[in-house]
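Q: structural data only, the sequence is not supplied:
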DNA sequence: ACCTGAACACCGTTCAAGT
DNA sequence: ACCTGAACACCGTTCAAGT
């Protein structure tokens, strides 16, 4: 880790994300990135301490792209929806980066800002103490878990297709044992990721609102 | 992929999981696994088509260890809790395998069984159609996302410690901007993962119960 | 039929040398 | 002070040969 010259750290970060977007997470290597920047492999160690840091930079780049209206909304529910949706959309915009995001704990400023805003909205909804902790953990887990479900294919524009395949696989295992899953696959065939995300989120919000009311008494 | 002899596929799967448990996910390689089985690296291709399949076997091994009481429970809420908790506990029992679990979509029999049981419980709770789809996706996302949060350290027996570190890091960024996060870290310092898991799950269940009632009318 | 060593094209990183 | 090629110890997999 010395002082750089040939290219900036930002340029390195940008190039790393570009490689992941274009060729997938496994295509990112010190040698490939260096070549893209027109440098020898060892030059990267002027900006970065190890290979691992490349992945961290990519994750930061993706999460920093989450954007939502910063001013407090009249309805705390709507604000929670907007913040969660903004994070999820940022992740979905870079499907090849999802494995990297999932395998790291992020403490980047962008992630902290989203957390702080989410907590503020929940607090205005009447949650506090243990309940606030549980609500916060539940929403962040939900967003992360939904991103994980995206792993199969990059952005299933053909949600019907994918669901159809799932139906087939499940049917092959015998209708009897997995009857519920087969029925669910039919339901999913006419659905789409974003409405499922919002539908699931509304279940969480309804639960939080119910507890907030109980706690208030 | 030919017909095996020297050792069974089960033995290979067992050894792969052992390496991951003992030395971490990145220690698993064709060469290391083969050595552990007392064979040349190429011998593994008799049981497995590629390196990737090793990871799949490890994930299957972990998820197949989820166990819950199979007979339908009187209270559907309690049944949902038991199934979700069983999956989460199986994952937590193998912290080094978590990155592998997160970066793959699993369709192993064990995972399908858990899904089917979960759906059956939710259906008995009065959920159907779109609402059932959203509830199912929400719970599975929640469980996955909670497993992701475990990535930091293997099973934080020292939950207080970890939380204290987080407080420090957040404080270093300035109390003003991240006041809510600092307060949350204090709250988390006296909490533990399992009660947070159950607390978050209860928010989801409360939301589902509320919607089930609305839908019934 | 089953197993495997040598070889190939990669990888991250150390080290010593170039400017 | 900054950059980098050669070298080392790895990796997954092809291929041809061993029994």
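A: Happy to help now that I have it. Everything numeric here is computed off the predicted structure, so don't read it as measured data.

Q: tell me the spacing between residue A:200 and chain B.
A: Residue A:200 is 3 Å from chain B, where distance means C-beta to the nearest C-beta, to the nearest Å. All C-beta atoms are positioned from the backbone trio N, CA, C, and that covers glycine.

Q: for that residue, give me its contacts.
A: Applying C-beta atoms under 8 Å, 6 or more residues apart in numbering or on different chains to residue A:200 gives the contacts A:142, A:146, B:134, B:135, B:137, B:138, B:141.

Q: so the helix or strand where the fifth one lies, near chain A or not?
A: Assigning secondary structure by DSSP states H and E places residue B:137 in helix B:129-149. Yes - counting by C-beta under 8 Å from any C-beta of the partner chain, contacts between helix B:129-149 and chain A involve B:129-138, B:140-146, B:148-149.

Q: so which of the residues you listed also contact DNA strand D?
A: Checked against DNA strand D using C-beta under 7 Å from any atom of the strand, the residues of helix B:129-149 next to chain A yield no neighbours at all.

Q: now those residues: which count as buried?
A: Applying 16 or more other C-beta atoms under 10 Å in any protein chain shown to the residues of helix B:129-149 next to chain A, the neighbour count classes B:130-138, B:140-146, B:148-149 as buried.

Q: low-confidence stretches in chain A?
A: Residues of chain A meeting the criterion pLDDT under 70: A:1-4, A:152-175.

Q: how about a cut-off of 80?
A: Chain A contains residues with pLDDT under 80 at A:1-5, A:72, A:152-176, A:217.

Q: any idea which helix is longest in it?
A: With DSSP state H setting the assignment, residue counts place helix A:193-216 as the longest helix in chain A.

Q: just the angle for that one relative to helix B:193-216, thanks.
A: Per axes from the mean of the first three to the mean of the last three C-alpha atoms, to 10 degrees, the angle that helix A:193-216 makes with helix B:193-216 is 100 degrees.

Q: buried residues in helix A:193-216?
A: Buried positions in helix A:193-216, judged by neighbour count with 16+ other C-beta under 10 Å: A:193, A:196-197, A:199-209, A:211-212.

Q: and the angle from it to helix B:129-149?
A: Helix A:193-216 and helix B:129-149 meet at an angle of 80 degrees, taking the same axes, to 10 degrees as the criterion.

Q: centre of the chain to helix A:193-216, how far?
A: Going by C-alpha atoms, centre = their mean, to the nearest Å, the spacing between the C-alpha centre of helix A:193-216 and its chain's C-alpha centre is 19 Å.

Q: measure stretch A:40-55 end to end?
A: In terms of C-alpha to C-alpha, to the nearest Å, the two terminal residues of stretch A:40-55 are separated by 19 Å.

Q: and it with DNA strand D, contact?
A: Yes - in this structure, stretch A:40-55 sits against DNA strand D according to C-beta under 7 Å from any atom of the strand; the contacting residues are A:40, A:41, A:42, A:43, A:45, A:46.

Q: quick check, that stretch touching chain B?
A: No - residues of stretch A:40-55 contacting chain B under C-beta under 8 Å from any C-beta: none, with a closest distance of 10.5 Å.

Q: and that stretch with DNA strand C, contact?
A: Yes - figure legend: stretch A:40-55 in contact with DNA strand C (C-beta under 7 Å from any atom of the strand); contacting residues A:41, A:42, A:45, A:50, A:51, A:52.

Q: neighbours of the second one, just the number please.
A: The reference is to residue A:42. Counted with other C-beta atoms under 10 Å in any protein chain shown, the neighbours of residue A:42 add up to 9.

Q: can you pull the contacts of it?
A: residue A:34.

Q: try 10 Å this time
A: By C-beta atoms under 10 Å, 6 or more residues apart in numbering or on different chains, the contact list for residue A:42 reads A:30, A:34.

Q: on the three-state scheme, it is what?
A: Look at residue A:42: counting by DSSP: H, G, I helix; E, B strand; the rest coil, its state is helix.

Q: please name the nearest non-neighbouring residue to the residue nearest the centre of chain A.
A: Within chain A, one residue has its C-alpha closest to the average C-alpha position: by C-alpha atoms, centre = their mean, that is residue A:91, at 4.1 Å. With C-beta to C-beta, 6 or more residues apart in numbering or on different chains as the criterion, residue A:91 has its nearest non-adjacent residue at 4.7 Å, and that residue is residue A:147.

Q: could you measure from that neighbour over to residue B:91?
A: When distances are taken as C-beta to C-beta, to the nearest Å, residue A:147 and residue B:91 turn out to be 17 Å apart.

Q: before we move on, the earlier item: which of the residues of stretch A:40-55 next to DNA strand C sits closest to chain B?
A: Nearest to chain B among the residues of stretch A:40-55 next to DNA strand C: residue A:52, at 10.5 Å, using C-beta to the nearest C-beta.

Q: ok, the closest one touching residue A:58?
A: No - using C-beta atoms under 10 Å, residue A:52 is not in contact with residue A:58, being 11.0 Å away.

Q: more neighbours, these two?
A: The neighbour count for residue A:52 versus residue A:58, taken as other C-beta under 10 Å, is higher for residue A:58 (25 against 10).

Q: what's downstream of the helix or strand hosting that one, the next helix or strand?
A: Using DSSP H and E, residue A:58 maps to helix A:51-63. Tracing the chain past helix A:51-63, the next element assigned as helix or strand by DSSP H and E is helix A:76-92.

Q: ok so, going back, what helices or strands is the helix holding residue A:58 leaning on?
A: Counting contacts by 3 or more C-beta pairs under 10 Å, 6 or more residues apart in numbering or on different chains; DSSP states H and E, helix A:51-63 packs against helix A:9-23, helix A:30-36, helix A:76-92, helix A:98-102, helix A:109-124.
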